[in-house]
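[1] coords please:
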Amino acid sequence: MSDFFSGVHVHLLTNHVPILGALFGLALLVGSLRWAPDVLRRTAFVVLVGTGLAAAAANVTGEPAEDAIRGYPGVRRAMIHDHEEMGDASLIAAGVLGVLALGALVRWRRTPVPGGATLVAIAGAAVVSGMMVYTGLLGGRIRHSELRPGATAADAMIVEPPRGPRPGGPPAP
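    You can find the predicted model right below:
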């Protein structure tokens, strides 16, 4: 049962939620321009708060996933690093948008959410959606060499040597 709740498994479960959450929040906000403005806007804000929380969960579980996959054929540290860097930036963007969405829910708790705030939220959700989708693409390239530009069959067989011990931590597996 401990394998079921390992950091790797939780990372694989949670890493799709911020992508889908950001896209769903964006769709709700755009839909609110035509249908049920206040209900869809508030729902979108709740979704965007959840997206920020899910991004944090995916980020926290990224290190155990990295440790588990290092040394597998086709896995390159540079790919992991690119995914990690974009994941960190996406987490910050999703966190800021989530805090703003929570602020909007509190600010307009008794009155309709204004159109100007909705347009700002649409812009933010579009940016976060793009960042999340790109983070997911970079993560997919770690194990799926077919997603890598210019990949060959040989790329899936390269095994990088393990990296040395981490400073101040246990040796790398």
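
[2] SS state for residue 71?
    coil (DSSP: H, G, I helix; E, B strand; the rest coil).

[3] That one and residue 160 touch, don't they?
    Yes: contact criterion CB atoms under 8 Å: residue 71 and residue 160 qualify, at 7.2 Å. Quick note: C-beta positions are derived from backbone N, CA and C, even for glycine.

[4] List the buried residues for the longest helix along the chain?
    When the chain is parsed with DSSP state H, its longest helix is helix 77-107. Residues 79-80, 82-84, 86-87, 90-91, 93-95, 97-98, 100-101, 104-105 are the ones in helix 77-107 that count as buried (16 or more other CB atoms under 10 Å).

[5] what does stretch 131-145 give?
    131, 132, 134, 135, 136, 138, 139, 141, 142, 145.

[6] export it as PDB, just CAs?
    C-alpha atoms of stretch 131-145 as PDB (Å, rounded to 0.1, in the frame of the first residue of the first chain):
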ATOM      1  CA  MET A 131       2.400  27.900 -18.600                       C
ATOM      2  CA  MET A 132       0.700  24.800 -17.200                       C
ATOM      3  CA  VAL A 133       0.300  23.200 -20.700                       C
ATOM      4  CA  TYR A 134       4.000  23.900 -21.500                       C
ATOM      5  CA  THR A 135       5.100  22.500 -18.100                       C
ATOM      6  CA  GLY A 136       3.100  19.400 -18.800                       C
ATOM      7  CA  LEU A 137       4.700  19.100 -22.200                       C
ATOM      8  CA  LEU A 138       8.200  19.400 -20.700                       C
ATOM      9  CA  GLY A 139       7.200  16.700 -18.100                       C
ATOM     10  CA  GLY A 140       6.000  14.400 -20.800                       C
ATOM     11  CA  ARG A 141       9.200  14.700 -22.700                       C
ATOM     12  CA  ILE A 142      11.100  13.200 -19.700                       C
ATOM     13  CA  ARG A 143       9.700   9.700 -20.300                       C
ATOM     14  CA  HIS A 144       8.200  10.000 -23.800                       C
ATOM     15  CA  SER A 145      11.100  10.600 -26.200                       C
END
